[in-house]
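>>> The following comprises the amino acid sequence and a computationally predicted model.
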Amino acid sequence: MKTRISTGLALCVAVAGGMVTAGTVNAETIRISYQPSLYWALPFYIATENDWWAGVGLEPEFVTFPAGAPQIAAAQAQDWDVGGTGSVPAILGAARYGLTTIGLTNDESRTNAIMVAKDEIEAVKADPSMIDSLLLTTNSTADYTARACLEKWGIDPSGVEFVNLAQAQIISAVISGNGRFAGVWAPNTYTLQERAGYDYLCSGADADAVVPGALVVRSDYAEQNPEAVQKFLAVYLKSIRWIKANPEEAQELLVDFYSEGGVEISDEGASAEFKLRPTFTLEEQVAMMARDGGASQVDGWMTQIAEFMTSVGTIPQAPEAETYIEPAYMQAVADNQELADFVNAD
């Protein structure tokens with residue numbers, strides 16, 4: 001990832017309330033964690049390409065992880081400050097290390113799925129009981145989706161053998177003929193479609209299992225640096241707005257971003273990422289996190305996933321949503337006119 005941000009530049013963005021003012025400033029370093037070559041991390045790449053971090057006085061240091069578990073463990077060691085991750089790691093981080101969810105990256109419900117060879121789909125849908133073994137990554141959003149699908153079909157998950165493999169191992173196993181049913185997430189779903197002749201048997205959306213991605217922050221960092229957290233959200237949301245306004249250019253950047261992370265994605269796969277994974281504007285995020293009439297929409301989605309994690313023994317008890325989902329930072333961006341203008345400026 002090319003970083004075009006330098007400290008001590010003369011910036012022309014004049015914004016009040018702790019944001020960049022005209023003249024020479026020292027940018028505040030913020031350590032951002034994510035998993036490379038995932039759709040929800042594209043806004044970080046686009047913000048860097050456009051130097052939007054400097055526009056709010058931040059200088060990002062990016063810390064990447066191959067999966068959610070090591071990413072969350074590194075938060076306990078204070079190796080990063082803010083970032084994006086899956087809903088399962090976000091809840092795990094909340095239960096074990098006090099990680100706080102401050103927003104959503106996207107809705108991944110349609111891109112977490114059980115997949116099987118195309119010519120078997122109708123037969124399996126007619127008799128789902130033939131699913132006796134499933135390759136998937138346990139304690140993941142694919143695991144959550146798979147169990148929701150099985151329960152939808154009236155199949156007790158305890159009667160199915162779950163073979164725990166990393167996503168790359170699942171792809172290799174399927175392509176080599178050593179797996180029949182696979183629980184995967186994008187972009188691995190597209191790889192199986194293109195290289196193994198597989199297709200969706202059941203997605204999270206089919207099973208009414210909403211799978212959001214989460215924007216997270218270490219609680220201690222947030223308490224000490226609330227303005228930096230708000231600026232981080234503002235930059236992410238500005239990228240989301242730009243992506244929605246420039247879909248063709250955004251798709252080209254997605255291909256470049258994935259390639260830098262070691263993943264080659266076809267034009268069809270890149271197009272599917274944008275079609276199947278809704279993202280949310282500032283206004284939408286505020287509405288989904290609002291607790292005006294009780295539990296928020298986000299509270300409900302995350303609580304369902306937390307209950308799944310409890311049922312499979314990942315965590316001993318599901319944390320209450322109000323203890324780790326904090327809408328105040330997103331609301332603060334909306335309430336700060338300068339930050340809101342930054343998000344919405346062309």
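Yep, it's here.

>>> Please tell me how far the longest helix along the chain is from the chain's geometric centre.
Once the chain is assigned using DSSP state H, the helix that runs over the most residues is helix 226-245. In terms of Cα atoms, centre = their mean, to the nearest Å, the gap separating the centre of helix 226-245 from the centre of its chain is 15 Å.

>>> Sketch out the helices for the stretch 201-346 of the chain, chain order is fine.
Under the criterion DSSP state H, counting those that start in this stretch, the stretch 201-346 of the chain carries helices at the ranges 219-224, 226-245, 247-260, 267-276, 282-289, 297-311, 321-324, 328-335, 337-344.

>>> just so I know, which of those lies nearest Ala77?
The closest approach between Ala77 and any of the helices of the stretch 201-346 of the chain, judged by Cβ to Cβ, belongs to helix 219-224 at 12.3 Å. Yep, even glycine has a C-beta here, placed from its N, CA and C like the rest.

>>> buried set for that closest one?
For helix 219-224, the buried set under the neighbour-count rule, 16 or more other Cβ atoms under 10 Å, comprises Ser219, Tyr221, Ala222.

>>> coming back round to it: tabulate the helices of the stretch 201-346 of the chain in TSV, adding columns for mean pLDDT and distance to Thr105.
Below are the helices of the stretch 201-346 of the chain laid out as TSV (pLDDT from 0 to 100; distance: least, Cβ to Cβ, whole Å):
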stretch	mean pLDDT	distance to Thr105
helix 219-224	98	17
helix 226-245	98	8
helix 247-260	96	14
helix 267-276	96	12
helix 282-289	98	10
helix 297-311	97	12
helix 321-324	98	16
helix 328-335	98	13
helix 337-344	98	16
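
>>> now those in TSV, with distance to Val160?
Conversion of these to TSV gives the following (distance: least, Cβ to Cβ, whole Å):
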stretch	distance to Val160
helix 219-224	37
helix 226-245	37
helix 247-260	32
helix 267-276	26
helix 282-289	33
helix 297-311	14
helix 321-324	29
helix 328-335	38
helix 337-344	45
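
>>> Could you pull out the strands in this structure for me?
Shown for the chain, the strands assigned by DSSP state E span residues 10-11, 23-24, 28-34, 58-64, 82-86, 99-107, 112-117, 133-136, 161-164, 182-185, 198-203, 212-218.

>>> Good, wrapping up.
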